[in-house]
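Asker: Below: sequence and its predicted model.
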Amino acid sequence: MTTPLPPSLQEIASCVSGYDPNALPVAQAQEFIARLVPRVQAVEKLALRSALGRVLAHDITSAINVPSHDNSAMDGYALRGADLAAEAPTVLRVAGSGFAGQADIASARPGECVRIMTGAVMPAGLDTVVPQEFVKVDGDRVHIPAGVVRNGDNRRLAGEDLAVGDIALAAGRVLRPADIGMLASLGQAEVLVRRRLRVAFFSTGDELRSIGEPLDAGCVYDSNRYTLWAMLQRLGVVELIDMGVVRDDPDALRAAFASAALDADAVITSGGVSVGEADHTKAVMAELGDVLFWRIAMRPGRPMAIGRIASGGHQAVLFGLPGNPVAVMVTFYALVRDALLAMSGVNAPPMPLLRAASSEAVRKKPGRTEYQRGIVTRAAGSGEWQVRITGSQGSGILRSMSEANGLVVLHHAQGNVAAGELVDVMPFDALI
């Protein structure tokens, strides 16, 4: 049985309504990318303590009941709910005791109770636990005030957490600390996870210098590679290949792209995708694969390259981002982040947006999506969320991005925003 070929970029474009590479709305760009990116299929088995932050490859079905028996949720006295008097104190005789992990639990007849500890198996026929702080003990008698406990209180039922056959964790989940604990509660020492997505990234441009190199006239330090590294690290599900700065030379670019396509599942570049006589990046991208060059209706971050490049029989998805520092971050958050998670096998909802009142009027023309850097705070008194813009919004002003704690998302059809009007904010702390 042969594996079907993936659709060409033109075939994908034909499925996107109103596709126009010269004025592409963000939503259409997102739809196109979602159709383009493949999923990692390779699976590996890891010890439980090595699986934190990895993507679960298959559903985990519970083979046991958790808890395995009805048990006490409190330290106190186990009894029959039917023995409780409706409006008067109840007096019961203590017939024995039960502790967590104890197999031989004392039994009790009607009118009797059992001293019990949290987690201990409920004795046969007993269905209620009264906490020890609510009772008065007089020798082998326990006095229970009226109304402090009801039939069935403080009893954990067998299978209450998970029953045999329940899906404990679904495939595509990024395993968190609580998930590791749940797997341990099922007795799983190992777990199947997706192979980490391999992502290669580099910056292009003769004007760029790496940290530690002398800064010649007309040159700047390469910040994009470091912000990309940090954003990719924060995803937590990728393996990174940092390829440094590649000069604007066809041979150097060709070698970099070929190496990246051979070793990685996805390749991310910054710079070289806008119109410019000295940029050879676009020509080399097109030479090595099936690549489209977009002008996206967004600000910042209008130019972008998207497609596939190949080397040595291996194919990688290409994301060619703009060169301005803020544009790199915005296009990554808006268009690349969710795609990489999907490629990793993560079953995740879209990035969450927070509704906040704009503290000032904001000018905005319909017809493009704008991402403005903002600072979100709680309003004094009301406690409602509010957001203010962090000054100049130039795509090269990285300081304003550093000062912000979120991006104000002004949508494609949205116009001017009045002071006090609610806007959507993409909080940075929500980005995994």
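Answerer: Now that the structure is in, tell me what you want to look at. Being a predicted model, the structure only gives us computed values, none of them experimental.

Asker: Please go through the protein and pick out the longest helix.
Answerer: Counting by DSSP state H, the longest helix found in the chain is helix 250-263.

Asker: In it, which residues are buried?
Answerer: Leu253, Arg254, Ala256, Phe257, Ala258, Ser259, Ala260, Ala261, Leu262, Asp263 (16 or more other CB atoms under 10 Å). C-betas here are computed from N, CA, C, even on glycine.

Asker: cool, and stretch 118-129?
Answerer: Neighbour count says stretch 118-129 has Gly119, Ala120, Val121, Met122, Pro123, Leu126, Asp127, Thr128, Val129 buried, by 16+ other CB under 10 Å.

Asker: neighbouring contacts of that stretch?
Answerer: Outside of stretch 118-129, the residues within contact range by CB atoms under 8 Å, 6 or more residues apart in numbering are 69-81, 84, 98-103, 105-108, 113-114, 116, 149-155.

Asker: ranges for the strands of the stretch 301-432 of the chain?
Answerer: For the stretch 301-432 of the chain, the strands defined by DSSP state E, counting those that start in this stretch cover 303-311, 314-321, 354-358, 369-378, 385-389, 406-410, 422-427.

Asker: One more: the stretch 101-250 of the chain?
Answerer: 112-116, 128-131, 136-138, 141-144, 155-156, 167-169, 190-194, 197-204, 208-209, 220-221, 238-246.

Asker: For the first one, which strands pair with it and how are they oriented?
Answerer: For strand 112-116, sheet partners with direction are given as strand 76-79 (antiparallel), strand 90-98 (parallel), following DSSP bridges.

Asker: Repeat that for the fifth one.
Answerer: The sheet places strand 155-156 alongside strand 71-72 (antiparallel), with pairing taken from DSSP bridges.

Asker: Repeat that for the last one.
Answerer: The strands beside strand 238-246 in its sheet (DSSP bridges) come out as strand 197-204 (parallel).

Asker: Using CSV, list the CA coordinates for the helix or strand harbouring Gln10.
Answerer: Under the criterion of DSSP states H and E, Gln10 resides in helix 9-15. Taking Å, rounded to 0.1, in the frame of the first residue of the first chain, the C-alpha atoms of helix 9-15 are listed here in CSV:
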residue,chain,number,x,y,z
LEU,A,9,0.5,24.3,-2.4
GLN,A,10,-1.8,25.2,-5.3
GLU,A,11,-4.2,22.5,-4.3
ILE,A,12,-4.3,23.8,-0.8
ALA,A,13,-4.8,27.3,-2.0
SER,A,14,-7.8,26.2,-4.1
CYS,A,15,-9.5,25.0,-0.9
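
Asker: so what secondary structure elements neighbour whichever helix or strand comes after that helix?
Answerer: Next along the chain after helix 9-15, taking DSSP H and E as the criterion, comes strand 24-25. With contacts defined as 3 or more CB pairs under 8 Å, 6 or more residues apart in numbering; DSSP states H and E, the packing partners of strand 24-25 are strand 289-299.

Asker: just checking, what packs against the strand it packs on?
Answerer: Contact analysis of strand 289-299 by 3+ CB pairs under 8 Å, 6+ apart lists helix 9-15, strand 24-25, helix 26-36, strand 303-311, strand 314-321, helix 325-331, strand 369-378 as its packing neighbours.

Asker: Quick check: of the buried residues of helix 250-263, which lies closest to Val423?
Answerer: Of all those, Val423 sits closest to Ala260, with 37.8 Å by CB to CB.

Asker: Chain neighbours aside, what residue packs nearest to the closest one?
Answerer: Ala200 (3.8 Å; CB to CB, 6 or more residues apart in numbering).

Asker: State the distance from the nearest residue to Gln30 once chain neighbours are set aside to Ser14.
Answerer: Counting by CB to CB, 6+ apart, Leu335 is the residue found nearest to Gln30 once chain neighbours are left out, at 6.3 Å. Separation of Leu335 from Ser14 (CB to CB, to the nearest Å) stands at 20 Å.

Asker: same check, this time on Gln372
Answerer: Counting by CB to CB, the gap from Gln372 to Ser14 is 34 Å.

Asker: more neighbours, the two?
Answerer: Gln372 (24 against 11; other CB atoms under 10 Å).

Asker: Okay, and the beta partners of the more buried one?
Answerer: With DSSP bridges as the rule, Gln372 is bridged to Val408.

Asker: quick one: it and Gly394 touch, right?
Answerer: No - counting by CB atoms under 8 Å, Gln372 stays clear of Gly394, with 11.3 Å between them.

Asker: Span of stretch 339-357 from start to end?
Answerer: Taking CA to CA, to the nearest Å, stretch 339-357 runs 30 Å from one end to the other.
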